[in-house]
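Student: When you get a sec, could you give me coordinates for this:
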Amino acid sequence: MMSRLICLLAFLVASSAIVPTAGAACSVGGCGSGEDSWLTSAQSFISSDVPLVGVSASDTPGSDFAYSRSFRAGPQVKSNNSTPSGIPALAEAYVTPGSREELFISPRMLKSLGSLSEGEVALDVSSRRSPGQSRIRGAVSIPASSFFQDNGSLRNISELAGLLGRVGVSNSDSVMVYGESFASGEATAVLYALRCLGHENAKALDGGLDNWMAASLPLESRETVRRPTAYIPGSPLEAPANYDLVRSGAVQLIDARRIQDFGKEKISNASWISPESLLAEGRLKANLNDTFARLNASQTVVVYSDDIFGASIVWFALELMGYDARVYRWQDWQERQENEGLSRFN
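Tutor: Got it, this is the predicted structure:
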């Protein structure tokens, strides 16, 4: 019986090598992908209850052949980072560098994910960056939190100018701002601060350091030291919205706080848009027109929040899509409302 089985198997293998079956995508051994009909048939045979020739159940622990159920036809890819598709996880996470400016109406404040040009200054504003950690080559560091008061308002002009001048940044420099991740809002918040200082040539990176690393762009671990300089502020390119403007009804309002806070209390006629809803894979998503579809492009939009970092992401996205956007602190609204309430009772 065993000899007949061996002969039958030998005949099947020999005949299939000469004439492929009708459904075969390629001849035996011709593809090696593990997906053609011959390999599928082989897999079915190996996974069946027919014992392998020359191997007995006693050769391996247990009553069944240990590998017959787990074997897969075709070469096995061994990788600690492999995915079900067989592609290494690192490859799937790879980000293609280059410009995405065509996705936005007014991309003047967006720095494409790519190497810096000569003369550009990279400003690392990650609050958790420590000495010795990887950063973009040539970057100088100022934590984003240094630009703002505890209540989210900007520090005064002289303080901000001093911060920048000490690390060697002048108002005439072309500055690219980035953070640990774009989703943190650190880069967009500092860009907003630079715009308030009248810094014309300032942009935020299209992504964060995580995207930069995923694109295999240049890094270094040493800290860059630039010669200190005098930072001279220019005419403001942005200015925070004030209470009277918000209350006037002449602007569109976006609440960028958490949905729970929006549900409890909001400014009248405000719409809710979360910063997270504007992102995909750590960067601004491609179809922002859908998110902003209900807004009037010819009317100023005020984004308010109790978190300057989240508000700045929404502000930045609106600016890239051609809107005139302003930022307003929710804390100021609450204080003004409380003061008005007290004055009515006095």
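
Student: Just name the shakiest helix or strand of the protein by mean pLDDT.
Tutor: Least confident helix or strand, the chain: helix 37-46 with a mean of 41, by mean pLDDT, DSSP states H and E.

Student: Show me where this protein has its helices.
Tutor: For the chain, helices defined by DSSP state H occupy the ranges 2-18, 37-46, 89-93, 157-166, 186-196, 209-214, 243-248, 259-264, 288-291, 308-320, 330-345.

Student: Show me which residues of the shortest one are buried.
Tutor: Just to be clear, that refers to helix 288-291. By neighbour count with 16 or more other Cβ atoms under 10 Å, helix 288-291 contains the buried residues L288, T291. In this view, the C-beta of every residue, glycine as well, is placed from N, C-alpha and C.

Student: Mind giving me the packing neighbours of it?
Tutor: helix 308-320 (3 or more Cβ pairs under 8 Å, 6 or more residues apart in numbering; DSSP states H and E).

Student: For the helix it packs on, the averaged confidence score.
Tutor: Per-residue pLDDT over helix 308-320 has a mean of 99.

Student: Check which helices and strands that helix sits against.
Tutor: Checked by 3+ Cβ pairs under 8 Å, 6+ apart, helix 308-320 has helix 186-196, strand 283-284, helix 288-291, strand 301-305, strand 325-329 packed alongside it.

Student: which residues touch it?
Tutor: Contacts to helix 308-320, defined as Cβ atoms under 8 Å, 6 or more residues apart in numbering, come from residues 104-107, 109-110, 144, 148, 152, 182-186, 188-189, 191-192, 204, 254, 256-257, 273-275, 278-279, 284, 288, 291-292, 301, 303-305, 325-329.

Student: Take that helix, keep the C-alpha atoms, and write them as CSV.
Tutor: Output in CSV follows, covering the C-alpha atoms of helix 308-320 (Å, rounded to 0.1, in the frame of the first residue of the first chain):
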residue,chain,number,x,y,z
ILE,A,308,-3.9,77.2,22.8
PHE,A,309,-2.2,74.2,21.3
GLY,A,310,-5.5,72.5,20.1
ALA,A,311,-6.9,75.9,18.9
SER,A,312,-3.8,76.6,16.9
ILE,A,313,-4.2,73.4,14.9
VAL,A,314,-7.7,74.4,13.8
TRP,A,315,-6.5,78.0,13.2
PHE,A,316,-3.6,76.7,11.0
ALA,A,317,-5.9,74.4,9.0
LEU,A,318,-8.3,77.2,8.3
GLU,A,319,-5.5,79.5,7.2
LEU,A,320,-4.2,76.9,4.8
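
Student: Local confidence estimate at V53?
Tutor: Looking at V53, the pLDDT reads 38.

Student: Spit out the contact partners of S153.
Tutor: Contacts of S153 (Cβ under 8 Å, 6+ apart): P240, R329.

Student: for T300, same thing?
Tutor: A250, V251, Q252, Y323, D324, A325, R326.

Student: Just want to check the distance between the fifth one and N296.
Tutor: Looking back up the chat, that one is D324. Using Cβ to Cβ, to the nearest Å, one gets 11 Å for the distance from D324 to N296.

Student: likewise the last one?
Tutor: When Cβ to Cβ is applied, the distance between R326 and N296 equals 15 Å.

Student: before we move on, the earlier item: kindly give a single ChimeraX line that selects the buried subset of the contacts of helix 308-320.
Tutor: Buried subset of these, written as a ChimeraX selection, criterion 16+ other Cβ under 10 Å:
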select :104,107,109,110,144,148,152,182,183,184,185,186,188,189,191,192,204,254,256,257,273,274,275,278,279,284,288,291,292,301,303,304,305,325,326,327,328,329
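
Student: Lovely, talk soon.
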